[in-house]
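Peer 1: Could you work out the structure for the sequence below:
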Amino acid sequence: MRKITIILIKIYQAVTCFRAPACRFYPSCSTYAIQAVDKYGICKGGWLAVRRILRCHPWQAGGYDPVP
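Peer 2: Numbering: from 1, shown residues only. This is a model prediction of the structure:
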């Protein structure tokens, strides 16, 4: 299941690669999600990815934010 989730995120990355990059964080949210799911599994890694996406808004400074 973990590999399927990572494949789906990579498909998302391939589809959206034609848009201008707009991520406030490094690594990007989708790369962060792949790293989190790979390291912690679908439940905890998915929760970390959702929290990261919720922090992505105009009032957030962004910057370097690695997977814990």
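
Peer 1: shaky segments in the protein?
Peer 2: Where the chain drops to pLDDT under 70, the residues are 20-21.

Peer 1: again, only using 90
Peer 2: By pLDDT under 90, the weakly predicted segments of the chain are 1-9, 11-30, 53-65.

Peer 1: can you give me the strands for it?
Peer 2: Remark: strands assigned in the chain by DSSP state E are 25-26, 63-64.

Peer 1: same for the longest helix seen in the chain, what does it pack against?
Peer 2: Longest helix in the chain, counting residues (DSSP state H): helix 2-16. Counting contacts by 3 or more Cβ pairs under 8 Å, 6 or more residues apart in numbering; DSSP states H and E, helix 2-16 is packed against helix 29-40, helix 42-54. Where you see a C-beta, it was placed from the backbone N, CA and C, and this is true even at glycine.

Peer 1: Nice, that's everything, thank you.
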